[in-house]
Structures are given as structure tokens and as C-alpha cells.
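Asks: Attaching a predicted model along with its sequence, questions to come.
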Amino acid sequence: MTSTSTSSTSSSTASTTTTGGMVFQLPTGTDEIHVVPLEGKGVGRSDAHLRLWQEEGVFGSAIKNETAPTVIKQRNAPRPKRERRETDMLKSENGMRVRERPVARVANITVQVLIGLSGLWWLVWILFFGTNFINFWAGIEYVLFATAELLNYVFGIVYFLNFCYPVSRRWRSLDALTPPFTARPTVSALIFHYGEDVDDTRRTINGCMRVDTMGSQIKFNIFVCDDGYFTAIKDKKAPAAPQPGYMARITMWFTSCFSWMCSCCRPSAAAAGAGGAGAAGGANSETQHLLANQRSTGGTTTTGATTTTAASLLPPGLADNPGSINNAGDDVDFVDGHQHLVDDDDEDLYARDGPVAPSGEIRPSAAGAAGQGDAGGELHRSASGSSLSGSTTGSVGVQMREREVLAFARERKLEPSPLGREMIEALREEMADYFLAVHKLVVDIGYTVQLTKEEDLVRPDCAQASVRYTFKPCQPVSVPYPTLHLVARIKPAPPRTHHHKAGNANNVIFNERLEGKYVLLLDNDMKPKPDVLTRMLPWFYDYVSDRCAYHPNRSVAFAQAPQHFTWDTVGPEDILCGRNSIFFSAIQRGRDGFDSCAFAGTNAIFRLEALRAVQGLPYESLTEDALLGMNLLDAGYSSVYVEDKLVVGTAPTTVAAAMQQRKRWCKGSIEILLLKLGWGNPSAIEWGAGGRPEPERVARPANPVRRSIFQAFFKVDTMVYPVTGSTALLYMLVALIFAISGDVRCCCCCCCINTSPVSISMLTMVWFGLVL
Amino acid sequence: MLYTFLPYYMLKILANLISYAGAVRGDDVWRAQEVWFSYAWVSFLGTLEALSGSTGWGLTGGAARTNNLEWFNIGAVAVLSASIIVRFVMFLFSSSSLMNLGAIFFASTIVVQLWPMVSLSLYERIVNRQLDPDNIEELQRIEIPNYLIYAAAIIVGIVMSETMTTAGGSANM
């Protein structure tokens, strides 16, 4: 059944499942067909309920019907039983690879040798026997054509070397290994955001929050690296926007007054009913626990060592509407998630929006009642330490009140952008949604703010300072949950450059002192599937049989998963070639044969020590991903390609966006080429007072000669592919001149024209076949 | 060319078959070929920008729905389409018929490669621009109905056969 399946046509393809229901076959990815059970009342009924184990954006576009079925999102629905194949991780398996089609490999190499020879003969013929300069246009066409042919020959040879040794990895999952995997790795996910739609990022965070951590055996931290959080304060002397009319202004004033009254009356009313919240213990965790009540009561609570003076954070007039706890002793500001920052000239203004969620209402699930995981320990650590954040990373930043942090930013002419504020709210909601959906807990989410100043920075080349928001439940919970942070850097002041995405990543890795063993890099619109960690982490370990244990294979720098896109962003025809199947299904496989797959910018897990060893993400190219992969391979590391659908994202849906993306890729590749040729501008890395990390002292095996040779070819292919695109432009120009002038006595065209129209068309197709 | 280009070309096709077999669908290979032409202009510009040392990111997610970069492909299709028509008319009335036919085939092949992305660009400019942002349809393209294509092909074929028959008859006379 095709992508245009409709309810009305489902009768032709519906079949009966074992449970007696109807099934609906839908294409949900590139070439997969998922069978979705229809629990409807009959075939073709618009009120059929489709139960999906995981929400995917492809469904809406798969059914094009005015009366589309209602989709019930069951986020905690039982996952399908996964296929389990060979899972033993033994050394005898030769690096866990499966060699693909040895006969085809030999044939491929043979054909490529023949291509080299025949292509050489073809070039000789063009250059020495096919010259034609009988007039101006013929000469131009000849030069263009011969140049394109020459470039295509050279780059074609390099290109085909990608397919000499294709392999595919075996299916492995961390939770299905024998003997069982017992290590407890820490993984941090970095989600990069700048100015993109917050909803896309929310989907990614949603996916991250639901990643399978094997019952918290994998410690998982999520960092949203928001490069668009801070924006320059607009010049107040600049021409103001047209003012609304008097009536509109009066209406706005009344509206603001009304909303202000509503926001403060509600807790006051609650306070009248509930009375004072009373005193509580001095522990910060208990203080958090009281937050919800505190917000309801609107009073001031004195705890042992902590004075809760939420009103002190509020502007005059809102003093009876507290929402924050000021931990005077630790100088900590825990801000109620139900509050958000409102733009104002001089003061940070906190206001309420929306109803106050039922606080303190905890309905423990079975898992929660059983006390699984270490989330309780997480809170306990927070309470016992001097910090409220409970951060698991080694940042040396100082926790401050949010208003102080924002004042710090304001001194540098910066303020939170509307998109940044929206992101803060989105993160809070996503975390609350996670507790509700996964653990059946209704909790309030707040956040702490932490500032790393310049004197503590490790890499001042990418930031003046770094601000971290850490989101946590306001009440103690006894269930495991991933930690969630938002990191916003204060970028270096002009004329210094901030290095785009690479600077954003390095800020988190170095200035925020990212800890743990592994880093999962994700673009903001790449939603991971639950088994992304369990499927990718096994490739970083070797089983040592004499010790009966898994040991990290420290030569593996990163594992790359392919990019898959939702059906609605690539469409059935994939006109913009968002899937890029040749790269992800053929080229990467071929490079993986030499343990040298490329880093594709997202969907990859890195070994943190390897990243630090090459000094983080490079600045010299816009395609920092390609350059980073090269740097790691040059340093002797290897990479692994895990060809599985582990992350699903969105692709550009407009020609404009796709062209911008392609142009950036091409530009970055040429920048790498210039850098390797010694003509680029290597960016000087600055090490700050925060301390330069010790270089890694792990002895890695030297690259085998054969691998080094092929890696060199792969690098050339990565760097020069924009030039091959330019050869297409040459062919287009030849066609254009041919069509306009019609006076073609160029070598090839003459031959064809003198033969037959059929051969003309064949020749044109031949030319286009050169790209293949 | 029979002994120079053809072996080279056939070996390349064979290498493609071996490399992509079981891994890449034929549609995706064809799409890659199409975008090789469609992105040729931006590849060239990107190369130039890198050589000129300019810096700039070009945000993908936050970009506008249209871009001046698209005009090159639109212009190329327009010029080639116009030249096809002119060449066809010249084919009917010119003595160098095969030359014109070659130009038609060559230009048509380029237009076929560029058209999918150009049709997206045109839809964005003609249709989506008129719609509210909430009603914009993604990845929609201007489509020429198949029956019109077939009808045009039949008309062209009849005209060509008639012309060539007449020319042949005149030559015989």
C-alpha cells in the first residue's frame, strides 16, 4: 500500500490480525511498512482508533482523508517485542562486523580498475582527437565539456573507492548481551538550538526524556544548548514601532490589570483556605517539597537555615504573590516553573500565567512505589550538598538568583530572547509531562540558575560566560529521571566570532565541565528513539573473556547512526533529496569497512575523552562535523556506523532552506580543503583560567597502512564534492549554449548529431550518468 | 566514441549497480542525479564564498520560504524551455533538422532534471504566497497532468512525422 492510503481504500488491503482486529499498512519511513492495528468498528470508518506504540509525525500525512482517524497517543504503551538475534559480544567475532557480499566487493574493485583505464582512454581521446575550435561557441563548449569530463574522471575514481569494502554491523543491544552488561556509563545528550521552532526541539527533548536507560543503569543527562537564548538589547533610542491607538492601549492596560489581579488573587484565595504552610525542615530538598504549598499559600516560610522570602524577588505590587524561594544561605534562587520572565526595562518582573497546577499531588506508580532508581538519591544529594541543583556534572559555576544572572547579562547588553523564554517554559512542561506520562506523577517543575563567569572558563574562545538552568521537580520523587539542563552562553563580544554550533558545543563540553563517558550529539529536530543508547553503546565496549567483563574499547571515538526523516518532511518523492540515501546507505557502509565512517553532524555518540583529546569541535569550517570526524580519524581513533533507525528528524521542506543547507555544506567542505592545503585560517584555541584539561594518555594502535590510504581518499571525497557539483553546472552551460546557439560542432555533439537523434539523447543521458 | 566513451560509460553503470545493489533504491539514485543539477548553482556559490573567505552560517531552520538562490534554476528552465520551442519551430522549417533535434533532446533532458525542484519553487511563489501561514502546504509542486504531456507528445510526433514525410517526399521529387 502506498503512502496515499486512505481509510476509504483500506478495505483492499485490510487483513485480519491474530486478535481479530483490522490492520492498516502504512509506510512510516523510507522503505518500511508498519502494520498498525485498527481497533475500529470497521474498515473505512473514520472513527477508528489507531494505537501506536510511539508517536510519529508520519502518520498524519500517510492518511489523507477529510475524516482522518483519531490518533490516540499512548506514550507509555508497551513497546513491541524486539527482535533478538546474535547478541554475544565475543572477540572471536572480529570486531563485531559482518562483511558484506565478498563477491560483489571483488567485482566492484575489478570494475573500478577498468573504469580507471577506460576513462583514461576516453580523456586521451577528448584531449587529443576530439578538439574543435572551429568557432567561438564550439571552442567554449569544448573547453567546458573537457573540463567537466576531466574533473568527473578524477573525482569519480575517488568516489568509487567509497564502495570497496562495505560492511554492516550486527544487531546488538546493551540490554540483551550475554553475559549481561553491568557497567554504569554516563551519557550526556547535547541538543543544539538556535532560532528554530521550539516545538521541534520539544519533540527532541520528549524523545530524550523517554530514552531507555535500562532502569537507570545508564546515567542520562540532557543539555539543551540554546544559542539563541540571549539576544542583544534593542536600542531604546531607535525608532519605536508604531504605537497602538488610544482605545487599544486602554484595552491593553485593562487586560494587563485584569491578568495581574487574577494571578495574585488566586493564591491569596488559596492562602485563605489553606492558611500558612508552616515551618519545615531546613534541608533544601524539603524546601523544594514545600514549594508547591508555598506558592499556594503566598506566605513566608522560615526553615531551619533557609529563609523563604519569595516576595523579595517580586516587584512591588506582586509581593503577595510569591513564587520563588530564596535560599539566602546558599544564594540560590529556585524559581517556580509556573512563573516566567516578562520583558521589562529595568526590573525582572515575575508574573503568573495559567492556573496553578495541583501541587503536591503525587500518585506513585508501581515503579515509583517500588522505589526504583536513584532519583531519590539525586534529591538527597542535593539536600546534603551545598547546592540545590543536584547537578551531576562538574561545573564550577555559581548558583545565583536569576535576576542577578540576567543583570550580569544586561551589563553586556544582552537579555533573554522571547524564543529563549519560550524554551524555558517548554522544558519545564516537557519534564512535567514526562513525570505524568511515564511515572504517573503530577509534579511541579522548577529550575535553578547557575553562572560560570569568565575567570572559571576553560575555553574563553567560545563564551564570555555560561548560564545553566537545571530543571527539577519541586517535590522529592522516588523514581529515576534524566536530568534536564538548558545552557546558554554569553557569546564573545564582537569582533570576536562565536563559532556557531562548534562554539556552542565546546561551551558545554569545556566550560560547563561536562562529565561522564559519552556524549550524544543531536540537532534540535532529531528525535531519538528509546533504544538509541542501548543500540549504540555496545560498540564502545569489548568483551574480555579472560576477565569475563566488558571493557571500553578506547579506540572507538564515535558511533554514528543514520539520519531518518519523518514522512511529512521528505514526502513520497523526496524531491529535495533530504534522505540522502546514497550517503547514508552506501557511502557510510563503505567507509565503515575501514572503521572510518563520517560524522554527519547529529545522531552520534562520542567518547568524551576522544572529543577532549582533539580539543573539541573545530572552528575552521562551517561543516565542523566533517572536520571533527577527520580530526578524530587522524588522531588514530576509529568510528562505527550503526545503520539502524534510531533517530527520526525533520528535513528542510522548502527549496530555499534546502539550498541554504547545501550551500553551507559546500562552503564548509571547501574550507576544510583550504585548511588541509594550508591556505585556511586555523582558529586559535584559547585556554582560560579554568584550567586546561590534561591530554589523553591512551596508547592507540597506529592506523594500518591500508586504512590510512583509504581514509585519505575519503577525506578528499568529502572535501571536493562541491566541485563535482560545479561540474554539473558546466554541463548545464554546455546544454544552454547548445540550445541557444545551435551551432555545435563540439567533438561529442558532432558525432552524435551525425549519427542519429537517438544517440543524441543517449549522449545526454550518458553525461548525466557521470554523476552516478 | 564507440570504442572510447561507451566502454567507460558502461563500466560506470556497472559499478553503480554493484555499489548500490541492495542498499539504495533506484528512485533515490535518480533523485540524487536530479539534485546534482538542481544544487549545482548553490554548490558553485558555496565554493566561491569559501574561496573568498566570507563567513556566514545560513540558518536552515529559520530561513525564509523563498530565496533568490532559486531563481537560477527557474531561469535555466525558462530559457531552456523557450529554446526547445524555438528549436522545434526551426526543426520544422530548417534544413539542419538533426542539429535542432539534438538541441531539443539536450535541453529537454536538462529541463526534466531541474523541473521537480523548480516546480516546488514555483508553487511556493505562486500558490503558497497567497495563503495564510497556517494554511501553507509543504512540499507541494506544480504538476503538469500526464494527459497533457501525452497529448503534447502526440501532437509533436504527428507534426514531426508529417514534416519529415513532406521533406522526404520533396527530396524524392
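Replies: Now that the structure is in, tell me what you want to look at. Numbering: from 1, shown residues only, chains lettered A, B, ... in the order given.

Asks: Quick check: which element contains the closest residue to A:Ile115 other than its chain neighbours?
Replies: Residue nearest to A:Ile115 in three dimensions, not counting chain neighbours: B:Leu11, with 4.7 Å by C-beta to C-beta, 6 or more residues apart in numbering or on different chains. Heads up, the C-betas are built off the backbone N, CA and C, glycines and all. Element membership for B:Leu11 (DSSP states H and E) is helix B:5-20.

Asks: now do A:Val224
Replies: strand A:219-226.

Asks: Only the buried residues of that strand, if you could.
Replies: A:Lys219, A:Phe220, A:Asn221, A:Ile222, A:Phe223, A:Val224, A:Cys225, A:Asp226 (16 or more other C-beta atoms under 10 Å in any protein chain shown).

Asks: Next, the contact list for the fifth one, please.
Replies: By C-beta atoms under 8 Å, 6 or more residues apart in numbering or on different chains, the contact list for A:Phe223 reads A:Ser188, A:Ala189, A:Leu190, A:Ile191, A:His485, A:Leu486, A:Val487, A:Val508, A:Glu512, A:Leu514.

Asks: switch to 7 Å and redo it
Replies: Neighbouring residues of A:Phe223 by C-beta atoms under 7 Å, 6 or more residues apart in numbering or on different chains: A:Ser188, A:Ala189, A:Leu190, A:Ile191, A:His485, A:Val487, A:Val508.

Asks: Now for those residues: which two are most distant?
Replies: A:Ala189 and A:Val487 (12.1 Å; C-beta to C-beta).

Asks: what residue ranges in chain B are flagged as low confidence?
Replies: B:1, B:55-63, B:95-96, B:167-173 (pLDDT under 70).

Asks: helix, strand or coil for the residue minimising distance to the centre of it?
Replies: Closest residue to the average C-alpha location of chain B: B:Val111 at 2.3 Å, with C-alpha atoms, centre = their mean. Secondary structure, DSSP: H, G, I helix; E, B strand; the rest coil: B:Val111 is helix.

Asks: about what we covered before: now the contacts of A:Phe223 in CSV, please, with extra columns for distance to B:Pro145 and pLDDT.
Replies: Formatted as CSV, those follow (distance: C-beta to C-beta, whole Å; pLDDT from 0 to 100):
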residue, distance to B:Pro145, pLDDT
A:Ser188, 53, 96
A:Ala189, 48, 96
A:Leu190, 48, 97
A:Ile191, 44, 96
A:His485, 54, 96
A:Val487, 53, 96
A:Val508, 53, 95
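
Asks: Those, buried ones only, as a ChimeraX selection?
Replies: Here is the ChimeraX command that selects the buried residues among these (16+ other C-beta under 10 Å):
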select /A:188,189,190,191,485,487,508
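
Asks: now, which of the contacts of A:Phe223 lie within strands?
Replies: Among the contacts of A:Phe223, DSSP state E puts A:Ser188, A:Ala189, A:Leu190, A:Ile191, A:His485, A:Val487 in strands.

Asks: Show me which of the residues you listed is closest to A:Leu617.
Replies: A:Leu190 (10.3 Å).

Asks: what sits against that closest one?
Replies: Here A:Leu190 is in contact with A:Phe223, A:Cys225, A:Ala505, A:Val508, A:Val519, A:Leu521, A:Leu522 (C-beta under 7 Å, 6+ apart).

Asks: so how far is B:Ile18 from the second one?
Replies: Which is A:Cys225. 42 Å (C-beta to C-beta, to the nearest Å).

Asks: next one: the last one
Replies: In this structure, A:Leu522 and B:Ile18 are separated by 34 Å, where distance is defined by C-beta to C-beta.

Asks: tell me, how many neighbours does the closest residue to A:Tyr619 other than its chain neighbours end up with?
Replies: Closest residue to A:Tyr619 apart from its sequence neighbours, by C-beta to C-beta, 6+ apart: A:Ser683 at 3.6 Å. Per other C-beta atoms under 10 Å in any protein chain shown, the neighbour tally for A:Ser683 reads 16.

Asks: Please report how far A:Ser683 lies from chain B.
Replies: 11 Å (C-beta to the nearest C-beta, to the nearest Å).

Asks: three-state assignment of that residue?
Replies: Once three-state DSSP is applied, A:Ser683 turns out coil.

Asks: Could you show which parts of the stretch 551-700 of chain A are in contact with chain B?
Replies: A:568, A:571, A:574-575, A:577, A:579, A:581-582, A:585-586, A:589, A:622, A:652-657, A:659-664, A:666-667, A:670-671, A:674 (C-beta under 7 Å from any C-beta of the partner chain).

Asks: Strands - which of the residues you listed land there?
Replies: Among those, no member lies in strands (by DSSP E).

Asks: residues contacting the residue nearest to A:Ile115?
Replies: A:Val111, A:Leu114, A:Ile115, A:Ser118.

Asks: averaged over its residues, what pLDDT does the helix ranked longest in chain A have?
Replies: For chain A, the helix reaching the highest residue count under DSSP state H is reported as helix A:705-741. Helix A:705-741 shows a mean pLDDT of 88.

Asks: So that helix, near chain B or not?
Replies: Yes - using C-beta under 7 Å from any C-beta, we find that helix A:705-741 touches chain B at A:Pro722, A:Val723, A:Gly725, A:Ser726, A:Ala728, A:Leu729, A:Met732, A:Ala735, A:Leu736, A:Phe738, A:Ala739, A:Ile740.
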